[in-house]
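*Asks:* predicted structure and sequence below. I'll ask about it afterward.
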Amino acid sequence: MRDKFGRPVTGLRISVTEECNLNCFYCHREGCSAGSRQMSAGEIGKIVQLAKEFGMRKVKLTGGEPLLRKDIIEIVTAVTAAGMDEVSMTTNGTLLAKIAAELADAGLNRINISLDTLDETTYKRITGRKLLHEVFEGIDAALAAGLAPVKLNMVLLAGINKHEVERMIAYASKRGIILQLIELLEVGGKNFTIYHCDLDDVEQSLRERAVAVRTRRSMQARRKYILPGGEVEVVKPMHNSEFCAHCTRLRLIPDGHLKPCLMRNDNLVDLLTHISTGDLEGARKAFAEAIARREPYFKGALREVRVSRSV
Ligand code: SAM
C-alpha cells in the first residue's frame, strides 16, 4: 500500500521493549515514550500477519534492547511464521554471543549490531557500560551463525569517534561486515549540536576510493560505497528530504501503537487494543489510518513529487 505521498510502505520496524542495558547519551529510543502495555510474542505475530495484508514484506526488530526480552526467540518465531521476505534485528550486541545461533535457527535472516567505537574508554563514555568485549563476542557469534550480511551501525559523534572511521572500516572489511555510518539525529527536543557532524568529508573520501557507488532507493536513498575489500553505507537523515521521500517504513512501539514517523509522537494509532480483543477489522482500520497519517518530516522533494503527479 502507498501513502498519500506515493511512498510504498514495505517494512515494519517493531520496538519490542523500551528497556535497554546501555545508556547511550544520544539515544533517540526509536522515538518511544514510556507506555503502560507491552505486546506479547503472540500479539506481535498477529500484527505481522496483518502487516503482510498491507504489503509489508520486511520486519526489523529493535528496542530498547530486543535481546532483553526473555521471549525473543518466541517473537522471532512468531514473526517468521508470517512469511516475511526478510526478518532482521538491530541490537547492541552485548547479549548476542549466547543466542545468535538460536536466533538464526528461529528464522532471523540478518542482524545490525550497534558499535560506535573500538576503544573501551570511548565505549564506556558513550554507553555508560564496560561491555565492548561482549559486543566483539556477539559479532563473532553472528558471523558464525550466518546472520548475513552482518552490519555495524556507527553513529558519528564529533570529538568522540569521528577519527575512528578508518579503523572501523578496516575492522568491518576484514570480517566481511558492512559498515553503516549514521548521522546523529536530534529527536524529541534533545540538542546534541556539539556532537553533530555532517558526513560530507567522510563521503568525499569514500567516493574517491570506491570502485562503485550505489544508491539504495528502497532504503531511504542511502549511498553504498563499494571499496576494494569492503562496503560502507552512509545514512544521512537530518534535513534530508530525499531520505524522507524514500522512507518505506511504518513503526510499531512496545505498547502497541503504530508510529508513522520516528520524529513525531503526535500521530500515533492504537493497534494493540484491537489485536488483544480479537477485533481484526478494527486492527485493519488502525493500519490504514497509520499509513494515511504518514507524512515526510523533511518534505521539500516530496511536495514537488505530489505537485507534478497531480498535473
Ligand atoms: N538497542 C538496539 C541497538 O543498540 O541497536 C536497538 C535500539 S537503538 C535505538 C537502534 C539504532 O539507533 C542504533 O544503531 C543506534 O545507534 C541508533 N540511534 C540511536 N539514537 C540515535 C540518534 N540520536 N541518531 C542516530 N542514530 C541513533
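*Replies:* Sure, I can see it.

*Asks:* quick one: contacts for the closest residue to Asp140 other than its chain neighbours?
*Replies:* Nearest residue to Asp140, sequence neighbours excluded (CB to CB, 6 or more residues apart in numbering): Ala97, at 7.4 Å. Backbone N, C-alpha and C define where each C-beta goes, glycine included. Contacts for Ala97 (CB atoms under 8 Å, 6 or more residues apart in numbering) come out as 134, 137-138, 140-141.

*Asks:* mind redoing it with 6 Å?
*Replies:* Contacts here follow CB atoms under 6 Å, 6 or more residues apart in numbering; on that basis Ala97 touches 137-138, 141.

*Asks:* of those, closest to Tyr297?
*Replies:* Nearest to Tyr297 among the contacts of Ala97: Gly138, at 31.9 Å, using CB to CB.

*Asks:* re earlier: in strands, which of the contacts of Ala97 fall?
*Replies:* Assigned to strands by DSSP state E, none of the contacts of Ala97 qualify.

*Asks:* who wins for most neighbours among those?
*Replies:* Using other CB atoms under 10 Å as the neighbour test, the contacts of Ala97 are led by Gly138, with 26 neighbours.

*Asks:* report the separation between Gly146 and the ligand.
*Replies:* Here the criterion is CB to the nearest ligand atom, to the nearest Å. By it, Gly146 lies 20 Å from the ligand.

*Asks:* okay, now that residue: neighbour count?
*Replies:* Around Gly146 there are 12 other residues, counting by other CB under 10 Å.

*Asks:* same thing with Phe298?
*Replies:* When neighbours are defined as other CB under 10 Å, Phe298 has 17 of them.

*Asks:* do Phe5 as well
*Replies:* By other CB under 10 Å, neighbour count at Phe5 equals 17.

*Asks:* and for the one 3 residues further on?
*Replies:* By other CB under 10 Å, 14 other residues sit near Pro8.

*Asks:* partners of it in the sheet?
*Replies:* With DSSP bridges as the criterion, Pro8 is bridged to Arg2.

*Asks:* that one and Ala51, how far apart?
*Replies:* Here Pro8 is placed at a distance of 13 Å from Ala51 (CB to CB, to the nearest Å).

*Asks:* excluding its backbone neighbours, what's nearest Thr193?
*Replies:* Nearest residue to Thr193 in three dimensions, chain neighbours excluded: Glu186, at 7.6 Å (CB to CB, 6+ apart).

*Asks:* what pLDDT does the one you found get?
*Replies:* As predicted, Glu186 sits at a pLDDT of 84.

*Asks:* and what of Met219?
*Replies:* As predicted, Met219 sits at a pLDDT of 65.

*Asks:* on the three-state scheme, the residue nearest to Asp140 is what?
*Replies:* Taken by DSSP: H, G, I helix; E, B strand; the rest coil, the conformation at Ala97 corresponds to coil.

*Asks:* for the stretch 151-300 of the chain, what lies in contact range of the ligand?
*Replies:* By CB under 6 Å from any ligand atom, the residues of the stretch 151-300 of the chain that approach the ligand are 153, 155, 182, 184-185, 187.

*Asks:* reformat those residues as TSV; add neighbour count and secondary structure.
*Replies:* TSV is the format used below for these (neighbours: other CB atoms under 10 Å; DSSP: H, G, I helix; E, B strand; the rest coil):
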residue	neighbour count	secondary structure
Asn153	19	strand
Val155	22	strand
Ile182	18	strand
Leu184	21	coil
Leu185	19	coil
Val187	18	coil
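
*Asks:* now the strands for the chain?
*Replies:* With DSSP E as the criterion, the chain has strands at 11-15, 58-62, 86-91, 110-114, 150-156, 178-183, 212-216, 222-227, 230-235, 249-252, 257-259, 269-270.

*Asks:* mind telling me which of these the model trusts least?
*Replies:* Comparing mean pLDDT across the strands of the chain, the weakest is strand 212-216, with a mean of 89.

*Asks:* hang on, Asp116 packs against Asn153?
*Replies:* No: contact criterion CB atoms under 6 Å: Asp116 and Asn153 do not qualify, at 8.2 Å.
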